[in-house]
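# Attaching a predicted model along with its sequence, questions to come.
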Amino acid sequence: MAEPLSDVAAIAGYHAHIYFEAARSEEAAALRGRLAAAFPAALLGRWHERPVGPHPAAMYQLAFAAQDFARIVPWLMLNRGALTILVHPNTEDEYADHAHHALWLGEKLPLKLDVLRKGNPTPR
């Protein structure tokens, strides 16, 4: 029997995690500046020099509204350069959002998904 379909209305917004190695930190910073200029309504998160939470590399986050997906994600596709980006929806299930509902621009990196399982506090 097929599983019931999920309602996209459950998506409260999206996160894009922009990953970078030390050698690409200037490229990541430049992209961050262009994102801020191009999408002032989106929220740029803190700059993390080392892995945090489920993320396996240095990164920063861009949070944006569901209605901005069609503008922001194609922009990231064309302007990410050599950076890897994870885009995921924000629903009530962080594990599924990162593990099953995510899309990758660039190399797919191994996330530390165990920290997102129900019952585990989300590390910041």
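Received the coordinates, thanks.
# What pLDDT is listed against the residue sitting nearest the centre point of the chain?
Using CA atoms, centre = their mean, the residue of the chain that lies closest to the mean C-alpha position is Ala16, 2.6 Å off. For Ala16, the model assigns a pLDDT of 98.
# wait, doesn't it sit right on Pro89?
No. Look at Ala16 against Pro89 with CB atoms under 8 Å: they stay out of range, at 11.1 Å. (Glycine included, C-beta is placed from N, CA and C.)
# which SSE is Tyr60 in?
strand 59-64 (DSSP states H and E).
# helices or strands next to that strand in the packing?
The contact analysis (3 or more CB pairs under 8 Å, 6 or more residues apart in numbering; DSSP states H and E) places strand 59-64 against strand 13-19, helix 25-38, strand 43-44.
# Of the ones you listed, which stretch is the most buried?
Mean neighbour count (mean count of other CB atoms under 10 Å) peaks for strand 13-19 among the helices and strands packed on strand 59-64, with a mean of 22.
# Alpha carbons only: can I get that strand in PDB?
Taking Å, rounded to 0.1, in the frame of the first residue of the first chain, the C-alpha atoms of strand 13-19 are listed here in PDB:
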ATOM      1  CA  GLY A  13      10.100  27.900   5.000                       C
ATOM      2  CA  TYR A  14      13.500  26.700   3.800                       C
ATOM      3  CA  HIS A  15      17.100  26.700   4.900                       C
ATOM      4  CA  ALA A  16      20.100  26.700   2.500                       C
ATOM      5  CA  HIS A  17      23.400  25.700   4.200                       C
ATOM      6  CA  ILE A  18      26.400  27.000   2.300                       C
ATOM      7  CA  TYR A  19      29.400  24.800   3.000                       C
END
